[in-house]
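Colleague: based on what follows, work out the 3D shape:
(chains A and B)
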Amino acid sequence: MERQGKAQDEWIVGGHRFSSRLLMGTGKFQDAETMVGAVLASGTQIVTVALRRVGRIPQEDDMLGPLQQLKGITLMPNTSGARNASEAIRAARLGRELSGSPFVKVEIHPNPHHLMPDPIETFEAARILAAEGFVVMPYMPADPVLAKRLEDVGCASLMPLGSAIGSGHGLATAEMLRLILRHARIPVIVDAGLRSPSEAAAALEMGCDAVLVNSAVAASGDPIAMAAAFAQAVGAGRVAHRAGLMPRGGGTALATSPLTAFLSVEDA
Amino acid sequence: MTPQMPAWLDPSPWLDGRASTHADVERALRCDEPGPRELAALLSPAAHPFIEVMAQRARALTQRHFGRTISLYAPLYLANHCTSGCAYCGFASDRTQPRRRLKPPEAEKELAMLKEMGFEEVLLLTGERTSHAGFDYLLECVSLAAQRFHAVGIEAFPMTTREYGLLAEAGCSGVTVYQETYDPRQYDRLHRWGPKKDYLGRLEAPARAMEAGMRTVGLGVLLGLSDPGFDAVCLMRHAGHLQRIHWKSGITLSFPRLRPQEGNFTALFPVDEAWLARLVFAFRIVLPDVPLLLSTRERPEFRDGMAGLGISKMSAGSRTTVGGYGGAEPTTEGQFQVSDKRSVPEICAMLRNRGLEPVFKNWDSAFRDASVRGHD
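Modeller: This is a model prediction of the structure:
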């Protein structure tokens, strides 16, 4: 699967092209107006909505209604709240019915307190949903082996966590993310744990294809301004990645007594 | 005979920590992984001057974990029959108030009214198990509620694991069992007769509910019955014990405070608002990701102030009488007096004014269906 579009630095997921590399979550906002304002300010093209917040009949706190009005936004229902594959699969099917979108963010966290994704159930749900034709985006632990396993069963992207949901601990899993990136054939999106735009920039500099943020925007002092800040940071990080960072300093100065003087010139 | 506390409830952090110093409190506030010892320090008299610092911390943590939202739910009293003799309760079997239970069609009417008010989560309440309102009756009411509501919880008598399993299958996802007090001597004195006298039977009920697959278990103590610091530390111990064993279930904590009841029981250890607020802040600091609930027992100004300041979930528009929402002729006395009598739209307007989104639906019945039927 192609990871990057040639023109205009687009990226491709599940056959869909996107230019924005910032995905937005929609929970935790103080009202729908602020949420929509933040979505617009972020320039995002993919927003995720928890099925558990979506009513069958439109209600005042319904998340889906205001988002469906927006142009150029792909909805990605998520299965947040599911404890196992069965629950996630049901939620995914219902989410597709309600949103009309083939995208699904598989999110399975059996423990409702730390919300860490269950690798075994996530794999099982991803396998079944990919076979059903969903564009499967699994929220996953930053595990390079699981990443390949999820790729093998037909996931459209990988969404490893930077750190725990809502923790704001940033890219605590950076080493594992580098391993995932080194071997991934599908887009890698850092999901969860980011607190500041600079961390989002760092993820893009590292080579991640995109980031997803929610708490970092919704729980900030000014969600709309923060959404715009993330958009700029993601853009900067991406440009920096393409430009290529200079090598880390400290390793290239030459010692006055060379260590390789013993090498024979003839053999060189 | 006074029941024995199990070793895992160990209240010693309170016994040692109630005399905490200013420095102990500062240490507790700087601690990365605060535990029962830190909770005790934050509840000690030395922490009183820190209340504003604690409030700020509580607000930041609540926002981080729950966002700028408050979940809303409604209690529905199904019956006030009871065989227990709890000295503090308006439904105790020696109280003279008229007894009744909602017939299933009446319960349906009340449920329909709550749905009309916008609720998606309902909590069904009864007294102790009786022939009028026993397990089969509760099971029937859960089934009725599950047809209309995404989330259905119960607050009733302790049950067997098998009974909890049947309720879960019928669509119940939450069980609330307050221990009332963890102090075994006070417990024994206050629960004068009836099945509720069984301290350990009640203490183990949340674990049985979780074993049966309940998603959420609500714990709490009735503030005013015993030394609240002692009870708070035990409550934290209980939550931790359950989380370690039943890692797939969630915990919620409530902070009911003794209010005037019929029978004129006076709180033995009265808890004032400032102390209650500090208790909520302290729990938010030591358990940052656990939903903390506040009921309409508290006055409007207090509820408004506490929304988002540790508290992440509230009841609204509550009636604590059987038939109170209009589905049947209501009984005259509720289980407790409602202090916040505002309507649901008034509560929503208040929350919005404070920059908080009222959330009615935070769950989906799709998860419930999957656990019964599997994914194919």
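Colleague: give me the nearest residue to A:Ala203, chain neighbours excluded.
Modeller: A:Val190 (4.5 Å; Cβ to Cβ, 6 or more residues apart in numbering or on different chains). Bear in mind the C-beta positions are built from the backbone N, C-alpha and C, glycine included.
Colleague: what do you get for A:Phe29?
Modeller: A:Met35 (3.9 Å).
Colleague: residues near that neighbour, how many?
Modeller: Applying other Cβ atoms under 10 Å in any protein chain shown, we find 27 residues neighbouring A:Met35.
Colleague: check the one 4 residues further on too.
Modeller: Close neighbours of A:Val39, defined as other Cβ under 10 Å, add up to 23.
Colleague: same for the host helix or strand of it, what does it pack against?
Modeller: A:Val39 is part of helix A:32-42, with elements assigned from DSSP states H and E. Packing partners of helix A:32-42 (3 or more Cβ pairs under 8 Å, 6 or more residues apart in numbering or on different chains; DSSP states H and E): strand A:22-25, helix A:64-68, helix A:215-218, helix A:223-243.
Colleague: ok, back up a step: which residues does the residue nearest to A:Phe29 contact?
Modeller: Neighbour list for A:Met35: A:Thr26, A:Phe29, A:Met63, A:Pro66, A:Ala218, A:Pro223 [criterion: Cβ atoms under 8 Å, 6 or more residues apart in numbering or on different chains].
Colleague: just the angle between the helix holding A:Val39 and helix A:223-243, please?
Modeller: 20 degrees (axes from the mean of the first three to the mean of the last three Cα atoms, to 10 degrees).
Colleague: helix/strand/coil for the most centrally placed residue in chain A?
Modeller: What sits nearest the mean C-alpha location of chain A, by Cα atoms, centre = their mean, is A:Ile189, with 3.0 Å. Assigned with DSSP: H, G, I helix; E, B strand; the rest coil, A:Ile189 falls in the strand class.
Colleague: and it, what are its bridge partners?
Modeller: Counting by DSSP bridges, A:Ile189 forms beta bridges with A:Ala210.
Colleague: wait, doesn't it sit right on A:Leu23?
Modeller: Yes - assessed by Cβ atoms under 8 Å, A:Ile189 is found in contact with A:Leu23 at 6.4 Å.
Colleague: residues shared between the contacts of these two?
Modeller: A:Ala210, A:Val211, A:Leu212.
Colleague: just the buried ones from the residues you listed, in PyMOL syntax?
Modeller: The buried residues among these can be selected in PyMOL (16 or more other Cβ atoms under 10 Å in any protein chain shown) with this line:
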select buried, chain A and resi 210+211+212
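Colleague: which one of the shared contacts of A:Ile189 and A:Leu23 is nearest chain B?
Modeller: Taking Cβ to the nearest Cβ as the measure, chain B lies nearest A:Leu212 of these, at 15.3 Å.
Colleague: returning to what we had before: what sits against the residue nearest to A:Ala203?
Modeller: Counting by Cβ under 8 Å, 6+ apart, A:Val190 touches A:Met159, A:Pro160, A:Leu161, A:Gly162, A:Leu171, A:Leu177, A:Ala200, A:Ala203, A:Cys208, A:Ala210, A:Val211, A:Leu212.
Colleague: endpoints of stretch A:185-199, how far apart?
Modeller: Criterion Cα to Cα, to the nearest Å; first-to-last residue distance in stretch A:185-199 is 23 Å.
Colleague: so what's the model's average confidence on that stretch?
Modeller: Across stretch A:185-199, pLDDT averages out at 95.
Colleague: where does the chain have low pLDDT?
Modeller: No chain in the question, so chain A it is. Scanning chain A for pLDDT under 70 picks out A:1-7, A:57-62, A:250-255, A:265-268.
Colleague: to clarify, I was referring to chain B.
Modeller: Using pLDDT under 70, chain B drops low at B:1, B:260-263, B:332, B:370-376.
Colleague: in it, which residue sits closest to chain A?
Modeller: Taking Cβ to the nearest Cβ, chain B has B:Gly67 as its residue nearest chain A, at 2.2 Å.
Colleague: re the thing from before, distance of the residue nearest to the centre of chain A from chain B?
Modeller: To chain B, A:Ile189 is 21 Å away according to Cβ to the nearest Cβ, to the nearest Å.
Colleague: contact partners for the residue of chain A found nearest chain B?
Modeller: In chain A, the residue that lies nearest chain B is A:Lys28 (2.2 Å; Cβ to the nearest Cβ). By Cβ under 8 Å, 6+ apart, A:Lys28 lies in contact with A:Asn214, A:Ser215, A:Ala218, A:Ala219, B:Phe66, B:Gly67, B:Arg68, B:Thr69.
Colleague: what's the closest of these to B:Pro270?
Modeller: Using Cβ to Cβ, B:Phe66 comes nearest to B:Pro270 of the contacts of A:Lys28, at 29.9 Å.
Colleague: can you report how many residues lie near the residue lying closest to A:Gly166 once chain neighbours are set aside?
Modeller: Leaving aside its sequence neighbours, A:Gly166 sits nearest to A:Ser215 (Cβ to Cβ, 6+ apart; 4.6 Å). A:Ser215 has 23 neighbours, counted by other Cβ under 10 Å.
Colleague: B:Gly67 is in contact with A:Ser215, correct?
Modeller: Yes - counting by Cβ under 8 Å, A:Ser215 touches B:Gly67, with 6.8 Å between them.
Colleague: hmm, back to that, winner for burial among the helices and strands packed on helix A:32-42?
Modeller: Most buried of the helices and strands packed on helix A:32-42, by mean neighbour count (mean count of other Cβ atoms under 10 Å in any protein chain shown): strand A:22-25, with a mean of 28.
Colleague: hmm, A:Gly237 is touching A:Glu199, no?
Modeller: No - A:Gly237 lies out of contact with A:Glu199 (Cβ under 8 Å); the separation is 9.5 Å.
Colleague: ok, which stretches of the chain are strands?
Modeller: Just going to use chain A. A:11-13, A:16-18, A:22-25, A:46-50, A:74-78, A:103-106, A:135-140, A:159-160, A:189-191, A:210-213 (DSSP state E).
Colleague: let me rephrase: I mean chain B.
Modeller: Here chain B has its strands, by DSSP E, at B:69-77, B:121-125, B:151-155, B:174-176, B:216-220, B:250-254, B:292-294, B:313-315, B:357-359.
Colleague: which among those strands is found nearest to A:Ala130?
Modeller: Closest approach to A:Ala130 among those (Cβ to Cβ): strand B:250-254, 29.2 Å.
Colleague: only the buried residues of stretch B:310-326, if you could.
Modeller: B:310-325.
Colleague: for the stretch 151-300 of chain B, what lies in contact range of chain A?
Modeller: Taking Cβ under 8 Å from any Cβ of the partner chain, the part of the stretch 151-300 of chain B that reaches chain A is made up of B:Arg215, B:Thr216, B:Gln243, B:Trp247, B:Lys248, B:Ser249, B:Gly250, B:Ile251, B:Asp289, B:Val290.
Colleague: how about the residues of the stretch 1-150 of chain A near chain B?
Modeller: A:27-32, A:51-55, A:59-62, A:81-87, A:89-91, A:94, A:110-115, A:128.
Colleague: send the alpha carbons of the longest helix belonging to chain B over as PDB?
Modeller: If you go by DSSP state H, chain B has its longest helix at helix B:228-245. In PDB, the C-alpha atoms belonging to helix B:228-245 read as follows (Å, rounded to 0.1, in the frame of the first residue of the first chain):
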ATOM      1  CA  PRO B 228     -15.100  10.200  57.900                       C
ATOM      2  CA  GLY B 229     -11.300  10.000  57.600                       C
ATOM      3  CA  PHE B 230     -11.300   6.400  58.600                       C
ATOM      4  CA  ASP B 231     -14.100   5.600  56.200                       C
ATOM      5  CA  ALA B 232     -12.400   7.500  53.400                       C
ATOM      6  CA  VAL B 233      -9.100   5.500  53.700                       C
ATOM      7  CA  CYS B 234     -11.100   2.300  53.800                       C
ATOM      8  CA  LEU B 235     -13.100   3.400  50.800                       C
ATOM      9  CA  MET B 236      -9.800   3.900  48.900                       C
ATOM     10  CA  ARG B 237      -8.600   0.500  50.100                       C
ATOM     11  CA  HIS B 238     -11.800  -1.100  48.900                       C
ATOM     12  CA  ALA B 239     -11.500   0.500  45.400                       C
ATOM     13  CA  GLY B 240      -7.900  -0.500  45.100                       C
ATOM     14  CA  HIS B 241      -8.600  -4.000  46.200                       C
ATOM     15  CA  LEU B 242     -11.400  -4.400  43.500                       C
ATOM     16  CA  GLN B 243      -9.300  -2.800  40.800                       C
ATOM     17  CA  ARG B 244      -6.400  -5.200  41.300                       C
ATOM     18  CA  ILE B 245      -8.700  -8.300  41.100                       C
END
